[in-house]
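# here are the coordinates; sequence isn't available:
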């Protein structure tokens, strides 16, 4: 090795050693409480949250309304819930129950959620031996269904 290369290597090693040493001292001091880390104060005031204008429906109250609707086999009872998503979810579950218990594939059309509706058509269609492919909304599921029916 040349003299110049040796000097460069020594300088690099020295810089790395000093960097490691300074990092170690900083880390040691912050962990031991020797250096105090100062946090910046919050510049905006903290406000209290306002009361929601819509009543909050807990899962417990959802379960009660759904249980009542299921027991009565009446999806209209679900309209007691606060949001339209909760009403649809509850009504869909009740409509599925009614369709499955009544073994009536025509009741599947009362289900709003397309995945649940397709599931209803497939499950009842297969168990009842009914042609159901034309009712499916998922294109891949519909194509698969039609291919399966053509094979039989």
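Done, it's in. Since the structure is predicted, the reported quantities are computational estimates derived from the model, not experimental observations. Residues are numbered from 1 along each chain as shown.

# okay, CA-based contacts and neighbour counts for the rest of this
Fine.

# mean pLDDT per helix and strand in this protein: which one sits at the bottom?
Ranked by mean pLDDT, DSSP states H and E, the weakest helix or strand in the chain is helix 3-32, scoring a mean of 79.

# what does the helix or strand that that one is followed by contact?
Next helix or strand after helix 3-32 toward the C-terminus (DSSP states H and E): helix 59-72. With CA atoms under 8 Å, 6 or more residues apart in numbering as the test, helix 59-72 has contacts from 75-78, 80-81, 86, 90, 94, 97.

# in helix 59-72, what's buried?
62, 65-67, 69-70 (16 or more other CA atoms under 10 Å).

# my read: residue 133 touches residue 146, true?
Yes. Using CA atoms under 8 Å, residue 133 is in contact with residue 146, at 6.2 Å.

# and these two? which has more neighbours close in?
A direct count of neighbours by other CA atoms under 10 Å for residue 133 and residue 146 places residue 133 higher, at 20 against 15.
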